[in-house]
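Engineer: After the sequence you'll find the predicted model.
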Amino acid sequence: MNDHHHKPISRKEFLSKATLGLGAISLSSLVNPLGLFAAPAHTLTGPHFAPKAKRVIFLNMIGAPSQLDLFDYKPILTKMHGVELPESVMGNRVTATAAAQATKPIVRPLYDFRQRGNSGMWMSDLMPHMAQITDELCMINSMYTESVQHEPAQMFTHTGSEIPGRPTMGSWISYGLGSENENLPSYIALMTKGNEGGSTRLLSSGFLPAEHQGVQFRSGKDPVLFLTNPPGVTGEMRREQLDHLQKLQASQYGSWEDPAIKAKMSQYEMAFRMQTSVPEVMSTENEPDHIYELYGEDSKTPGTFASNCLLARRLAERGVRFIQLYHGNWDHHSNLPKQIPKRCKEVDQASAALIMDLKQRGLLEDTLVIWGGEFGRTSFSQGQLTKDNFGRDHHPDAYTMLMAGAGVKKGFTYGATDDFGYHITENKVHVHDLNATILYLLGMDHEKLNYKYQGRRFRLTDVHGNVVKDVLS
């Protein structure tokens with residue numbers, strides 16, 4: 001009868017049986033925690049090839065902005081405003097709401113479009129600041145995705161699956177590349193206060209080791225929950241406590257070799273170092289006036305999208321690998337004429353400022369900035385179209401994403417849709433393709449960046465995805 005129970009082994013046996021020196025490395029890491037936690041054992045720590053980008057800033061417009069009112073110019077919508085969308089255009093994939101709608105009148109773009117910059121890129125007057133930097137942008141007008149519902153589509157964008165439980169893009173990047181700053185997490189999220197939109201499930205490391213979990217930074221007294229020592233506990237006391245805990249955990253690891261032990265201690269040590277690093281990075285009082293003017297008046301108010309963009313630049317300067325900003329309330333099924341100008345005003349200036357601020361500091365050349373939502377919007381009005389009011393339904397078959405910075409073409413528009421902005425006619429880009437391209441710019445082969453879990457090797461792009469080389473500079 002075979003004995004399948006795990007038997008503890010001595011340190012000597014552990015070292016003698018380990019191959020390629022991994023036993024010595026692990027033991028050394030446990031004795032020297034700073035070495036371990038600066039480069040966790042469950043990190044690949046290195047690109048597959050020379051990267052063009054060192055970090056990513058993803059500006060998430062949660063709720064799905066209308067590409068037809070912002071980026072994808074379709075003159076026929078103005079000419080046929082109020083006319084029924086031809087049945088031949090519709091196709092079979094529509095929401096239950098749209099399917100039940102008796103009429104589907106075409107609705108024109110809310111504001112005028114113009115060609116901008118030397119590139120002649122089309123952009124709406126709703127985005128005047130972004131319109132001024134079109135020569136820095138790569139606009140993909142031929143994005144498409146799987147789900148027609150918000151949360152599954154958001155999950156799909158960031159994890160490659162509509163079902164929760166997979167690691168998010170930031171976790172994959174942290175796992176693949178590690179951190180450039182041992183005093184800050186490699187994956188940080190910032191949410192607009194009162195307009196968050198994003199689910200904390202979008203920060204999950206899934207089945208990857210826990211040290212790759214996204215950490216949410218908040219505005220206010222405690223940017224990271226439970227980071228501050230409780231009353232009566234000094235920094236020296238906390239350090240002593242961790243040192244004793246380290247010895248206990250080292251003993252446990254020597255007996256059981258459980259990777260969760262390393263992950264837990266990695267998080268404890270990171271939290272200890274963050275007690276100093278987080279207040280420093282979150283403090284923007286010393287930023288000069290011209291920077292506040294660049295980002296807009298809102299940048300002085302903690303928790304706004306503008307202040308988060310400024311923080312994103314500060315985090316990028318400090319080597320954070322993946323910085324994610326969430327800004328919600330783009331879900332305009334109705335009342336779009338009043339709501340979308342508000343959303344654009346909240347994000348337009350700061351989005352453009354972030355790109356230009358990175359550029360003037362020499363950071364844009366190795367920082368990839370992404371701007372967009374989880375899917376697009378229909379060219380017909382949801383519900384009744386009136387003189388002053390209308391909405392647009394979900395549309396996953398054609399939408400726009402913007403990119404800027406490291407390794408992407410400038411002033412470049414890629415892909416095209418039909419006259420009604422309903423179906424893609426040139427250069428389709430699936431979400432898996434976009435994610436494969438992002439990883440490629442970071443020096444990682446999306447097929448090789450995988451993790452074995454429950455007998456299968458998983459990756460961000462599942463079993464799909466092609467690098468969109470036409471958008472690369």
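Structural biologist: That came through, no problem. Note that this is a predicted model, so its numbers are computed, not measured. Residues are numbered from 1 along each chain as shown.
Engineer: wouldn't Tyr292 be in contact with Thr304 here?
Structural biologist: No. Using CB atoms under 8 Å, Tyr292 is not in contact with Thr304; the gap is 11.9 Å. Every residue, glycine included, has its C-beta placed from N, CA and C.
Engineer: quick one: which of the two has more around it?
Structural biologist: Each of Tyr292 and Thr304 has its neighbours counted (other CB atoms under 10 Å); Thr304 has more, 24 against 18.
Engineer: Could you pull up the contacting residues of the more buried one?
Structural biologist: Counting by CB atoms under 8 Å, 6 or more residues apart in numbering, Thr304 makes contact with 192-193, 298, 346.
Engineer: Now render the residues you listed as TSV, adding distance to Ser171.
Structural biologist: Formatted as TSV, these follow (distance: CB to CB, whole Å):
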residue	distance to Ser171
Thr192	22
Lys193	24
Asp298	30
Glu346	28
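Engineer: Just to be sure, which of those are found in helices?
Structural biologist: Cross-referencing these against helices under DSSP state H gives Glu346.
Engineer: quick one on the thing from earlier: overlap in contacts, Tyr292 and Thr304.
Structural biologist: Common contacts of Tyr292 and Thr304 (CB under 8 Å, 6+ apart): none found.
Engineer: quick one, strands of the stretch 351-473 of the chain?
Structural biologist: Assigned by DSSP state E, counting those that start in this stretch, the stretch 351-473 of the chain shows strands spanning 367-372, 376-381, 392-395, 399-405, 412-414, 416-417, 424-426, 429-430, 450-453, 456-459.
Engineer: for Pro65, what are its contacts?
Structural biologist: Applying CB under 8 Å, 6+ apart, we find Pro65 in contact with 330, 340, 343, 372-373, 377.
Engineer: between those, which has the most around it?
Structural biologist: Among the contacts of Pro65, Arg377 has the most neighbours (other CB under 10 Å), with 30 neighbours.
Engineer: Hmm, that one is touching Asp72, no?
Structural biologist: No. At 9.9 Å, Arg377 and Asp72 do not qualify as touching, with contact defined as CB under 8 Å.
Engineer: check contacts around Thr413.
Structural biologist: 119, 121-122, 139, 141.
Engineer: make it 10 Å
Structural biologist: Listed by CB atoms under 10 Å, 6 or more residues apart in numbering, the contact set of Thr413 reads 71-72, 119-122, 134, 137-142, 400, 471.
Engineer: coming back round to it: quick check: which of the strands of the stretch 351-473 of the chain has the most neighbours on average?
Structural biologist: Ranked by mean neighbour count, these are led by strand 376-381 with a mean of 28 (mean count of other CB atoms under 10 Å).
Engineer: Just the CA atoms from that strand would do, formatted as CSV, please.
Structural biologist: Coordinates of each C-alpha in strand 376-381 appear next as CSV, following Å, rounded to 0.1, in the frame of the first residue of the first chain:
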residue,chain,number,x,y,z
GLY,A,376,-19.7,50.3,-27.9
ARG,A,377,-23.1,51.9,-28.5
THR,A,378,-25.8,51.5,-31.2
SER,A,379,-26.4,53.9,-34.0
PHE,A,380,-30.1,53.8,-33.3
SER,A,381,-31.9,55.4,-30.3
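Engineer: Show me what that strand is packed up against.
Structural biologist: Contacts defined by 3 or more CB pairs under 10 Å, 6 or more residues apart in numbering; DSSP states H and E place strand 376-381 against helix 67-70, helix 75-79, helix 87-90, strand 137-144, helix 336-360, strand 392-395, strand 399-405.
Engineer: 7 Å instead?
Structural biologist: Packing partners of strand 376-381 (3 or more CB pairs under 7 Å, 6 or more residues apart in numbering; DSSP states H and E): helix 67-70, strand 392-395.
Engineer: any residues touching it, and which ones?
Structural biologist: Residues from elsewhere that reach strand 376-381, judged by CB atoms under 7 Å, 6 or more residues apart in numbering: 64, 66-68, 77, 85, 98, 104-107, 390-393, 395, 398-400, 420-422.
Engineer: Kindly report the same for stretch 344-362.
Structural biologist: 59, 126-130, 132-133, 136, 294-296, 299, 305-306, 309, 312-313, 316, 327, 364, 367, 369, 371, 404-405.
Engineer: got it, and stretch 466-473?
Structural biologist: With CB under 7 Å, 6+ apart as the test, stretch 466-473 has contacts from 138, 140, 407-409, 412, 414, 427, 429, 433, 436-437, 440.
Engineer: Any of those residues buried? List them.
Structural biologist: 138, 140, 407-409, 412, 414, 429, 433, 436-437, 440 (16 or more other CB atoms under 10 Å).
Engineer: what about Leu177, distance to Phe322?
Structural biologist: To Phe322, Leu177 is 9 Å away according to CB to CB, to the nearest Å.
Engineer: And Glu146, by the same measure?
Structural biologist: Distance, Glu146 to Phe322, by CB to CB: 23 Å.
Engineer: which of the two has more neighbours?
Structural biologist: Legend: neighbour count by other CB under 10 Å for Glu146 and Phe322, higher for Phe322 (26 against 16).
Engineer: Identify the residues contacting the more buried one.
Structural biologist: Contact partners of Phe322, counting by CB under 7 Å, 6+ apart, are 55-56, 169-170, 173-174, 186-187.
Engineer: now those in CSV, with distance to Met90 and neighbour count?
Structural biologist: CSV is the format used below for the contacts of Phe322 (distance: CB to CB, whole Å; neighbours: other CB atoms under 10 Å):
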residue, distance to Met90, neighbour count
Arg55, 41, 27
Val56, 36, 25
Met169, 32, 23
Gly170, 37, 29
Ile173, 38, 24
Ser174, 42, 29
Ser186, 44, 29
Tyr187, 40, 27
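Engineer: What about those, which are in helices?
Structural biologist: Applying DSSP H to the contacts of Phe322, the entries found in helices are 169-170, 173-174.
Engineer: does Ser394 really touch Thr95, like I thought?
Structural biologist: For residue 394 the amino acid is His, not Ser. Yes. Using CB atoms under 7 Å, His394 is in contact with Thr95, at 5.5 Å.
Engineer: Next, show the common contact partners of these two.
Structural biologist: What both His394 and Thr95 touch, as defined by CB under 7 Å, 6+ apart, is the set Val148.
Engineer: wait, Glu211 sits on Ser266?
Structural biologist: Yes. Using CB under 7 Å, Glu211 is in contact with Ser266, at 4.4 Å.
Engineer: what are the phi and psi values for the closest residue to Asn308 other than its chain neighbours?
Structural biologist: Among residues not flanking Asn308 along the chain, Leu190 sits closest, at 4.1 Å (CB to CB, 6 or more residues apart in numbering). Backbone torsions of Leu190, given as degrees, to the nearest 10, read phi -130, psi 130.
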